[in-house]
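1. give me coordinates for this.
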Amino acid sequence: MACRTLRLKLLVTVLSGALMGMAGAPLPFYVAYLDPPSAFNLSYAVNTIAMPLIGGTSTWIGPVIGAVSDDGAQTAMVTISSAFNLMLSGS
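-> Numbers count the residues shown, from 1 in each chain. Okay, the predicted model is just below:
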């Protein structure tokens, strides 16, 4: 039984790493220049945590709803004022 658990954990870890690699691969094309301050920006970390918190983690659609609403709110705040966006979202 322990061998099955180890195999399943290893499979899930490899699959998760592969999906995260595919998700992060387009970043250099998006930002056009990649350096450590832009790659490890605090706003990426905060938004990554905020999206599932806003939408919920009980179903797969929750983080999608959180991502759409978080991005929409940030876009609306930037449209109003960049200072307002900085004050409310911190990024």
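
2. so for stretch 64-80, mean pLDDT?
-> Mean per-residue pLDDT for stretch 64-80: 85.

3. mind listing the helices for this protein?
-> Along the chain, the segments classed as helices by DSSP state H run 2-24, 27-31, 36-39, 42-55, 61-80, 82-89.

4. format these as a markdown table; extra columns: mean neighbour count.
-> For the C-beta atoms, the positions are set from N, CA and C on the backbone; glycine is no exception. Below are the helices of the chain laid out as a markdown table (neighbours: other C-beta atoms under 10 Å):
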| stretch | mean neighbour count |
| --- | --- |
| helix 2-24 | 9 |
| helix 27-31 | 10 |
| helix 36-39 | 10 |
| helix 42-55 | 14 |
| helix 61-80 | 14 |
| helix 82-89 | 12 |
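
5. geometric centre of this structure: which residue is closest?
-> Nearest to the geometric centre of the chain sits residue 48, at 3.0 Å (C-alpha atoms, centre = their mean).

6. any idea how far that residue is from residue 56?
-> According to C-beta to C-beta, to the nearest Å, residue 48 and residue 56 sit 15 Å apart.

7. do the same with residue 4
-> 30 Å.

8. what's the answer for residue 86, then?
-> Distance, residue 86 to residue 56, using C-beta to C-beta: 27 Å.

9. how about residue 15?
-> Counting by C-beta to C-beta, the gap between residue 15 and residue 56 amounts to 22 Å.

10. same question, residue 5
-> The gap separating residue 5 from residue 56 is 28 Å, by C-beta to C-beta.

11. ok, residue 40 next?
-> Distance from residue 40 to residue 56, by C-beta to C-beta: 27 Å.

12. neighbour-wise, which of those two wins?
-> Between residue 40 and residue 56, residue 56 has the larger neighbour count (other C-beta atoms under 10 Å), namely 12 against 9.

13. quick one, what contacts the more buried one?
-> With contacts defined as C-beta atoms under 8 Å, 6 or more residues apart in numbering, residue 56 is in contact with 62-63, 65-66.

14. go through these and name the one nearest residue 34.
-> Nearest to residue 34 among those, counting by C-beta to C-beta, is residue 63 at 25.0 Å.
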